[in-house]
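Participant: Pasted the sequence and its predicted model underneath.
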Amino acid sequence: MPAGSVGSAGSPRQVAIVTDSTASLPPEVAAERGIVVVPLQVVIGATVYDEGADGATPDLVAAALKEWKPVSTSRPGPAALLEVYEKAASDGATAIVSVHLSGDMSGTFESAQLAARDASIPVIPVDTRQVGVATGYAALAAVDVVDAGGSAEEAASAARDRAAASASLFYVDTLEYLRRGGRIGAAAALLGGALAVKPLLQIEDGKVASLERVRTSARALARLEELAVLAAGEASVDVCVAHLASPDRAGQLTEKLAARLEANLGGREVWCGELGAVLGAHVGPGMIAVCVAPRL
């Protein structure tokens, strides 16, 4: 795990940035930017794994779900986060910004709040009201502010602002996995239970919400492309396509988005990668997501 008190250029950082593994930051990016990543856990059967390359991977979770094995997830406890905060303090940090996925989707933000009360230095927990890459982009926005000489309060504000401006859109082959985990909420009633429905969803005010209903996966991906282009508008944005056990469809969508953004906006880099194991456990194989995050 990279030291939170080290800046992107290797110099001591007084404001440390912490996030959780659902932020889907590539390890090399987290290390380069000096972001501490705290793992959530995945429970498969009776075995508990930390999310990450040496524990719960997307492939492991996808295989377990396809075999209908019991799969659940668990937040880091306050003690685990407090240990991270105290390590950052011992490395020279004088304040911490702790950026996490929506508090309505996980108890991780609550753990951060509880740990912050006992930390030896000020900690500002941030509930991004987002999941996945949008949380990662929020953490990167906080790092940008700190590296430019900003305060912990300014970094936390930047993280919240970027998360609020980001669009998180996704397609799932079935609502069954979201129903199992209790994450679908009112969207289930809106979408109904018809097997023919291919649901498009979004993160709205920290929760999974219905976006559209379409009849085929091809139409769903085409709509994701259209909606992502609309969300990008004419702003300077970062775009990421994430998937679980669906690399071909994700790759095709990435190529189409890159071409559209090149034609419309003079080019935008579009990242493509696997969704993290924890989020994957709740959406199931075949899921495709697009995050569009304006650069504020």
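Facilitator: On my side now, so go ahead.
Participant: Relative to Ser72, how far out is Leu296?
Facilitator: Separation of Leu296 from Ser72 (Cβ to Cβ, to the nearest Å) stands at 36 Å. (Glycine included, C-beta is placed from N, CA and C.)
Participant: Look at Phe173 and tell me its secondary structure.
Facilitator: Let me fix one detail, which is that residue 173 is Asp and not Phe. Judged by DSSP: H, G, I helix; E, B strand; the rest coil, the three-state class of Asp173 is coil.
Participant: Determine the number of other residues adjacent to Lys66.
Facilitator: 11 (other Cβ atoms under 10 Å).
Participant: Wait, it touches Pro285, no?
Facilitator: Yes. In this structure, Lys66 is within contact of Pro285 by Cβ atoms under 8 Å, at 6.0 Å.
Participant: so how far is the strand or helix carrying Trp271 off the chain centroid?
Facilitator: Secondary structure assigned from DSSP states H and E places Trp271 in strand 270-274. Between the centre of strand 270-274 and the centre of its chain there are 12 Å (Cα atoms, centre = their mean, to the nearest Å).
Participant: Could you list the buried residues of that strand?
Facilitator: For strand 270-274, the buried set under the neighbour-count rule, 16 or more other Cβ atoms under 10 Å, comprises 270, 272-274.
Participant: I'd say Ala167 and Leu201 touch.
Facilitator: No. Taking contacts as Cβ under 8 Å, Ala167 lies outside contact range of Leu201: 11.9 Å.
Participant: between these two, who's got more neighbours?
Facilitator: Per other Cβ under 10 Å, whichever of Ala167 and Leu201 has more neighbours is Leu201, with 24 against 21.
Participant: Please identify the nearest residue in space to Ser72, excluding sequence neighbours.
Facilitator: Setting aside the residues directly before and after it, Ser72 is nearest to Val43 in space (Cβ to Cβ, 6 or more residues apart in numbering), at 4.7 Å.
Participant: Quick one: mean pLDDT over the helix or strand containing that neighbour.
Facilitator: Here Val43 sits within strand 41-44, counting by DSSP H and E. Across strand 41-44, pLDDT averages out at 96.
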